[in-house]
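Peer 1: Build me a structure from this.
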Amino acid sequence: MHTHFNDEHISAFLRGDMRALARAISMVEAGDVQAEHLLAALTREGQRARLIGITGPPGAGKSTLTAKLAEVLLDRGERVALLLIDPSSPFTGGAILGDRIRMHAISGRPRLYIRSLGSRGSLGGLSRAVPPVVQLLERFGFDTIIIETVGTGQAETDVVETVDSVVVVTVPGLGDDIQAMKAGIFEIADVFVVNKADREGAEHAMRQIEEALKFGPREVPVFATIATAGVGVAAVLNALDEHYQTMLADGELTRRRERRLRKALHAYAASIVSGHLATWVEARLPRHWPDIESGRSDIYTCGRRLAEEFQAKDVKNHVRED
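Peer 2: The predicted model follows:
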């Protein structure tokens, strides 16, 4: 079922109606046919929000830390949006709302919007809907958007390409802490947090991480927090502020945002071409299938031939248009 989004809804969105925002995000997440027109209408003149990614292994306390960071930002007078990337239900494809339950302490605050998105089709990483949803949240006028990942699969790689600053959260007691961290995790962190620092082994974990980071390409601060009590949260936010201002000053913020836009453009163009190609292949497959089925041909030879025919057709069409 498609959600209709007309001029009245767009006006409501621009007036700051949260229901209009929720409806727009649902359209984007569902892949509604109107979503691309909606995004074009709403995001062209959007403001820029600060984007913070929170990632790390399950059980590290990411949701609690996210909520506490949001609380401090709200106390500053900022408008804050939280995007919680949940493992998708294998039956419905929808987001499991566990994180929302853990956010109940701040969920009633004004100037705060919380949304769970399913991670379906992303191998545990970020939902494909995240970039366009971020565009909607920026246009809506949020100052800071915090994206919390599942912390498995592609999440760590995905988040660094979606935000301005990445916070990697871990906890003591993961066995050998450094070996337990995924390869590449140290390269993506802008701020490292050892949460649940009241646990035994916290100081050891801090030392290990600090030693490992010395071999990295840049200096990354490490903080100890007890997020449930709010301990150390202000220091983490101060480090994020400093990182943001440094990127603003040296042009890195502009470069990161340009990379994001280019990636989004490529992905959107590729999805259109992929759709056309799928239709093209499906229409021609019946004449090739008997050879594949009998073993006279194979999917690789056939696939390459069809792709080359499709490219040749597109080239001819472009030449005609020129």
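Peer 1: Could you list the buried residues of stretch 57-71?
Peer 2: 57, 60-71 (16 or more other CB atoms under 10 Å). All C-beta atoms are positioned from the backbone trio N, CA, C, and that covers glycine.
Peer 1: A strand includes residue 279, no?
Peer 2: No: counting by DSSP: H, G, I helix; E, B strand; the rest coil, residue 279 is located in no strand; its state is helix.
Peer 1: Relative to residue 6, how far out is it?
Peer 2: Per CB to CB, to the nearest Å, residue 279 is found 30 Å from residue 6.
Peer 1: One more: residue 226?
Peer 2: For residue 226, the distance to residue 6 equals 49 Å [CB to CB].
Peer 1: Kindly report the same for residue 197.
Peer 2: Using CB to CB, we find residue 197 at a distance of 51 Å from residue 6.
Peer 1: cool, and residue 258?
Peer 2: On the measure of CB to CB, residue 258 and residue 6 end up 33 Å apart.
Peer 1: Quick check: mean pLDDT of stretch 47-60?
Peer 2: Throughout stretch 47-60, pLDDT has a mean value of 88.
Peer 1: Centre of the chain to it, how far?
Peer 2: Remark: stretch 47-60 is offset 8 Å from the chain centroid, using CA atoms, centre = their mean, to the nearest Å.
Peer 1: likewise stretch 28-38?
Peer 2: 18 Å.
Peer 1: what's the average pLDDT for it?
Peer 2: Mean pLDDT, stretch 28-38: 81.
Peer 1: Next: stretch 277-289.
Peer 2: Stretch 277-289 shows an average pLDDT of 92 in the prediction.
Peer 1: And stretch 203-222, by the same measure?
Peer 2: Computed over stretch 203-222, the average pLDDT equals 86.
Peer 1: Could you give me the buried positions within it?
Peer 2: Quick answer for stretch 203-222 (16+ other CB under 10 Å): 205-206, 208-209, 212-213, 220-222.
Peer 1: Would you mind reformatting the buried residues of stretch 57-71 (as JSON lines) and adding columns for secondary structure and distance to residue 137 while you're at it?
Peer 2: Shown next, in JSON lines, are the buried residues of stretch 57-71 (DSSP: H, G, I helix; E, B strand; the rest coil; distance: CB to CB, whole Å):
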{"residue": "57", "secondary structure": "coil", "distance to residue 137": "26"}
{"residue": "60", "secondary structure": "coil", "distance to residue 137": "25"}
{"residue": "61", "secondary structure": "coil", "distance to residue 137": "24"}
{"residue": "62", "secondary structure": "helix", "distance to residue 137": "19"}
{"residue": "63", "secondary structure": "helix", "distance to residue 137": "19"}
{"residue": "64", "secondary structure": "helix", "distance to residue 137": "22"}
{"residue": "65", "secondary structure": "helix", "distance to residue 137": "20"}
{"residue": "66", "secondary structure": "helix", "distance to residue 137": "15"}
{"residue": "67", "secondary structure": "helix", "distance to residue 137": "17"}
{"residue": "68", "secondary structure": "helix", "distance to residue 137": "20"}
{"residue": "69", "secondary structure": "helix", "distance to residue 137": "16"}
{"residue": "70", "secondary structure": "helix", "distance to residue 137": "13"}
{"residue": "71", "secondary structure": "helix", "distance to residue 137": "18"}
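Peer 1: and which of those is nearest to residue 299?
Peer 2: When those are compared for distance to residue 299 (CB to CB), residue 57 wins out at 38.1 Å.
Peer 1: can I assume the closest one is in contact with residue 170?
Peer 2: Yes: judged on CB atoms under 8 Å, residue 57 makes contact with residue 170 at a distance of 6.5 Å.
Peer 1: tell me what the helix or strand residue 266 falls within is packed against?
Peer 2: Using DSSP states H and E, residue 266 sits within helix 252-294. Where contact means 3 or more CB pairs under 8 Å, 6 or more residues apart in numbering; DSSP states H and E, helix 252-294 is packed against helix 130-140, helix 233-250, helix 299-321.
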